[in-house]
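Q: build me a model from this:
(one chain, ligands or ions: 1)
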Amino acid sequence: MFTLAHLSDPHLAPLPKPRVAELIGKRLTGYINWQRSRRVIHDSDVLAKIAADLRAQAPDHIAVTGDIANIALPAEFTRGRDWLQGLGSHEDVSFVLGNHDIYVSQAAPIAIREWGGFMSGDGGARGFPYLRRRGPLALIGLTTGVPTAPFLATGRLGERQLGQFSALLEQLGDESLFRVVMIHHPPVSPRPANKRLVDAAEFLRVIAAHGAELVLHGHDHLHMLNWLSGPDGARVPAVGAPSASAAPGTGRDAAAYNLYAIDGGPGAWRCEATSRGIDAAGAVMQQRRVKLSA
Ligand SMILES: [Fe+2]
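A: I've put the predicted structure just below:
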């Protein structure tokens, strides 16, 4: 039995105090948005409780699908590095970038410098997609984080990344590994077009051609489960987790994370998902359990 934990969108609070020069461009609208609403939603005490509960479960590996930062201030990356290190080592924690991590064009090199060890492939290979083999799992990390104009929260995989992703899925399917895809933006979302993955159709075509055993995402800050079409009638669960710092009663789903118990083998995988989240009284407890395979 292999246990994989999935946590998303921690949006570390409080926001570091920005310098005036740092608020030029898109960061200004993001800063106003933070002051108006997000600072009430994202609660550092809630996130600390969620992270402590996750660590107490002692999972074999932890996947984090983006949005550690809020407006990609330099100080958010050093704080984010410390937070990731508090979850676990480079070996035990896999991270993929969200749109808030790459909020502005100058953010990418800082993210790579501070968080690169959590988003590198086996052997230290840098770049997306990356591949990590852990027990029976093959974890594939994709990036959808691209700087966008104000009021846009779209993501893009791009042709090059999609091509490599397709080849990886095919190769790993031949190796009979349990393929876990980590991506920030959901491949299927009810949200408006200005917040979606713009090349979702191409992503879904790759899954339909080669399959995967599990897709993990964040971005919508909701508990989500969509079944994607795989090859030969197979169905691939795409599961979204809420923001891990969302205080209860502040709009979307309250903070939670998911634990996946995976066993079995090729052609007969068993995967059960358990959500643990915060209740109105501030306690973290088991909320739901779903069988994702036979
Ligand atoms: Fe987010």
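Q: do you have the strands of this protein handy? List them.
A: All strands of the chain, identified by DSSP state E, fall at 2-7, 61-64, 93-95, 130-134, 137-141, 178-182, 214-217, 224-229, 235-240, 256-265, 268-278, 284-291.
Q: what is the third one packed up against?
A: When contacts are defined as 3 or more Cβ pairs under 8 Å, 6 or more residues apart in numbering; DSSP states H and E, strand 93-95 sits against strand 61-64, helix 74-87, strand 137-141. Any C-beta I mention is one placed from the backbone N, CA and C, and that applies to glycine too.
Q: one more pass at 7 Å, please.
A: Packing partners of strand 93-95 (3 or more Cβ pairs under 7 Å, 6 or more residues apart in numbering; DSSP states H and E): strand 61-64, helix 74-87.
Q: got it, and the second one?
A: With contacts defined as 3+ Cβ pairs under 7 Å, 6+ apart, the packing partners of strand 61-64 are strand 2-7, strand 93-95.
Q: one more pass at 8 Å, please.
A: Checking 3+ Cβ pairs under 8 Å, 6+ apart, strand 61-64 ends up next to strand 2-7, helix 74-87, strand 93-95, strand 137-141.
Q: neighbouring contacts of the second one?
A: So that's helix 74-87. Contacts of helix 74-87 from elsewhere in the structure, counted by Cβ atoms under 8 Å, 6 or more residues apart in numbering, are 7, 10, 12, 15-16, 22, 51, 54-55, 62, 64, 68-70, 93, 95, 101, 107, 110-111, 113-115, 118.
Q: of the residues you listed, buried ones?
A: The neighbour-count test (16 or more other Cβ atoms under 10 Å) marks 7, 10, 12, 15-16, 22, 51, 54, 62, 64, 68-70, 93, 95, 101, 107, 110-111, 114-115, 118 as buried among these.
Q: helices - which of the residues you listed land there?
A: When these are checked against helices using DSSP state H, the ones located there are 51, 54, 107, 110-111, 114-115.
Q: closest to residue 192 out of these?
A: residue 107 (23.9 Å; Cβ to Cβ).
Q: flag every buried residue along stretch 181-197.
A: Neighbour counts over stretch 181-197 (16+ other Cβ under 10 Å) mark 181-189, 195-197 as buried.
Q: ok, residue 50 touching residue 278?
A: Yes: using Cβ atoms under 8 Å as the test, residue 50 is close enough to residue 278 to be in contact (6.6 Å).
Q: sorry, back to before: any chance of the strands of the chain in a markdown table, plus distance to the ion and mean pLDDT?
A: Below are those laid out as a markdown table (distance: least, Cβ to the ion, whole Å; pLDDT from 0 to 100):
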| stretch | distance to the ion | mean pLDDT |
| --- | --- | --- |
| strand 2-7 | 12 | 98 |
| strand 61-64 | 12 | 98 |
| strand 93-95 | 14 | 98 |
| strand 130-134 | 21 | 98 |
| strand 137-141 | 17 | 98 |
| strand 178-182 | 15 | 98 |
| strand 214-217 | 11 | 98 |
| strand 224-229 | 13 | 97 |
| strand 235-240 | 11 | 97 |
| strand 256-265 | 14 | 97 |
| strand 268-278 | 16 | 97 |
| strand 284-291 | 20 | 95 |
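Q: between those, which one is nearest to residue 160?
A: Between residue 160 and the strands of the chain, the shortest gap by Cβ to Cβ is with strand 130-134, which sits at 13.9 Å.
Q: and of the ones in helices among the buried ones among the contacts of helix 74-87, the nearest to residue 156?
A: Checking those against residue 156 by Cβ to Cβ gives residue 107 as the nearest, at 15.4 Å.
Q: what ranges of this protein fall below the confidence cut-off?
A: Low-confidence segments of the chain (pLDDT under 70): 294.
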